[in-house]
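Enquirer: Next one to model:
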Amino acid sequence: MSRFVRASKYRHVYGTQPTRDQCYDNLKVSRSAWDTNLVSANPLFIAVNLEAGGGGAFAVIPHATVGKLPEGSPVVNGHSAAVLDTDFNPFNDHIVASASEDCKAMIWSIPEGGLKESLSVPTITLAGHGRKVGHVLFNPVADNILATSSADFTVKIWDISTGQEKIQLDGFGEIIQSISWSYEGDLLATTCKDKKLRLFDVRQRKAVAEVNGHQGIKGSRCTTMGKSSFLTTTGFSKTSDRQVFVWDYKNLTAPIKEENIDTASGMLIPAYDADTSVLYLAGKGDGNIRYYEWSDDEKGLHYLSEFKSSDPLRGLCFLPKRALSINEVEVARVYKVHPTMVEPISFKVPRKADGFQADLFPPTSGPAPALTAEEWLSGKTSGPKLINLEDGFTPLPVREFTHSAQSSFAVSREASTARTSTVPVSLVDLQKENQELKLQLAQKDARIRQLEAQMQSLSQK
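Expert: Okay, the predicted model is just below:
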């Protein structure tokens, strides 16, 4: 990472901390040890994983609801175990997906204006994993396509408009630690506890590349780098140095760039801004956010600056570019998680000009999908639909989420009806037994894959 002075329009980007009354305060943030961001954001809301006794919950908070939140604020609490991850649908601002230790992912419809009362019945329940679901991530191009990863060593691809599993990706030898879609939504990069980086052609259901990644015993993360064929991974060396690798996934044999950052113990969270070619690295357990500019021509990461804070972060996420304050030359907004608070940090470029800065804000991914789920599943590939940011951000009308999956409410109502029915054999009872048997089978499959991976590892020694 070159540290010499280099001309860049992002060289003087600076981060601004708000006062406490401009933060989202009085939150009982989840203390789960699972490596996750704990927070996600879209142009209307932020979602925060919460600590909840006897089940799992997360808060969905409108951006304008800052300050100390009242006790007993409404939450989403339909999971029976801790919530591990959330992600908003990029094409419907009122749809959010959640992953949990209860082996399920759920889809939730958030009312216009936010929650007025706690929400306990999901719109759709995605059941099929045999162990806890660790990550959920929507496809950046195709409507209603969701990826979920699980401790059963699989990644499943769902069409949430039907509630059906469409694709399963196998071949993992250990727990999956992160997933990231490519710019065109056709490839999926993963890092795993077995220290391997894998790149899947999702619709072909196979890994097109597999390579040894960071060799430290701690975790690893990955993120793709916009339109380019590059991706970034963060992890640890054998001597516990924090590392950043840049790979070209057209030739995924060895990283094209390797850098040691420092010897801190917290995981580095990578986030890449495809519009500005800026890579942000935030360290868990410390308060610093470093940012670098990537040059395709020079194949180099050029250090820009560093946001420093004495308050350690537990997780973070970035606001979609279309919701930034363009008139204030805001190029990024980070939501930083504290033990009882979420803090928005604004990154701006200091410029005196009042007009729209076209060189800083090129066309960016918009709120309309480029492909339907059916088109994507049939093999079509496209980049995201882009929008011009010159006119600023305007919230879209509420888009109704239509689906053909049987709702959780309908299932509950059928179960209630069945309990009062005199019919000896209930369809709902059979469905429940069928689901339980599928879950047992998935758990046994996961155990078999784990044992096979251990046997293979021992045979290679």
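Enquirer: For G67, see how far away the residue nearest to N49 when sequence neighbours are not counted is.
Expert: The shortest distance from N49 to any non-neighbouring residue, by CB to CB, 6 or more residues apart in numbering, is to S30 (4.0 Å). (Each C-beta comes from the backbone N, C-alpha and C, glycine too.) Plainly put, S30 is 21 Å away from G67 if you go by CB to CB, to the nearest Å.
Enquirer: what number of residues lie near the residue nearest to T16 when sequence neighbours are not counted?
Expert: Nearest residue to T16, sequence neighbours excluded (CB to CB, 6+ apart): S346, at 4.9 Å. Residues near S346, counting by other CB atoms under 10 Å, number 18.
Enquirer: residue contacts, S346?
Expert: By CB atoms under 8 Å, 6 or more residues apart in numbering, S346 lies in contact with 15-16, 18, 325, 328, 330, 332-333.
Enquirer: Just the ones in strands from the residues you listed, please.
Expert: 15-16, 330, 332-333 (DSSP state E).
Enquirer: Can you select the buried ones among those for me in PyMOL?
Expert: Burial among the ones in strands among the contacts of S346 is assessed by 16 or more other CB atoms under 10 Å; the matching PyMOL selection reads:
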select buried, resi 15+330+332+333
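Enquirer: would CSV of the ones in strands among the contacts of S346 with pLDDT and distance to I160 be doable?
Expert: As requested, those are arranged in CSV below (pLDDT from 0 to 100; distance: CB to CB, whole Å):
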residue, pLDDT, distance to I160
G15, 93, 35
T16, 93, 37
E330, 94, 31
A332, 95, 28
R333, 96, 27
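Enquirer: tell me which of the ones in strands among the contacts of S346 is nearest to S109?
Expert: Nearest to S109 out of the ones in strands among the contacts of S346 is R333 (CB to CB; 25.2 Å).
Enquirer: remind me which residues of the stretch 151-300 of the chain are low pLDDT?
Expert: Residue ranges of the stretch 151-300 of the chain with pLDDT under 70: none are present.
Enquirer: mind redoing it with 90?
Expert: For the stretch 151-300 of the chain, the stretches with pLDDT under 90 are 173, 217-218, 249-251, 262-266, 285-287, 295-300.
Enquirer: OK, contacts around T232?
Expert: 222-225, 244-247, 270, 272, 279.
Enquirer: For it, list each beta-bridge partner.
Expert: Beta-bridge pairing of T232 under DSSP bridges involves T223, V246.
Enquirer: What distance do you get for it to D25?
Expert: 33 Å.
Enquirer: again with L169
Expert: Counting by CB to CB, the gap from L169 to D25 is 40 Å.
Enquirer: of these two, who's got more company?
Expert: L169 (23 against 16).
Enquirer: I'd assumed L188 was in contact with that one.
Expert: Yes - under the criterion of CB atoms under 8 Å, L169 makes contact with L188 at 7.2 Å.
Enquirer: Tell me the residues that contact both of these two, please.
Expert: Joint contacts of L169 and L188 (CB under 8 Å, 6+ apart) are 155, 200, 202.
Enquirer: Now tabulate those in JSON lines and tack on neighbour count and secondary structure.
Expert: Listed next are those as JSON lines, based on neighbours: other CB atoms under 10 Å; DSSP: H, G, I helix; E, B strand; the rest coil:
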{"residue": "V155", "neighbour count": "24", "secondary structure": "strand"}
{"residue": "F200", "neighbour count": "26", "secondary structure": "strand"}
{"residue": "V202", "neighbour count": "22", "secondary structure": "helix"}
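Enquirer: Give the bridge partners for the residue nearest to K218 when sequence neighbours are not counted, please.
Expert: Nearest residue to K218, sequence neighbours excluded (CB to CB, 6+ apart): F236, at 4.6 Å. Taking DSSP bridges as the rule, F236 bridges to R242.
Enquirer: oh, and call the first residue 18 from now on, that's how I've got it
Expert: Sure thing, new numbering starts at 18, so read that last one as F253.
Enquirer: Identify the residues contacting F253.
Expert: Neighbours of F253 in contact, by CB under 8 Å, 6+ apart: 231, 233-237, 259-260.
Enquirer: Quick check: which ranges of the stretch 368-478 of the chain have low pLDDT?
Expert: In the stretch 368-478 of the chain, residues with pLDDT under 90: 368-376, 407-478.
Enquirer: All the helices of it, residue numbers only.
Expert: With DSSP state H, counting those that start in this stretch as the criterion, the stretch 368-478 of the chain has helices at 390-394, 425-437, 444-477.
Enquirer: what number of residues lie near F364?
Expert: By other CB under 10 Å, neighbour count at F364 equals 24.
Enquirer: no wait, N94
Expert: N94: 18 surrounding residues under other CB under 10 Å.
Enquirer: now do N161
Expert: For N161, using other CB under 10 Å, the count is 24.
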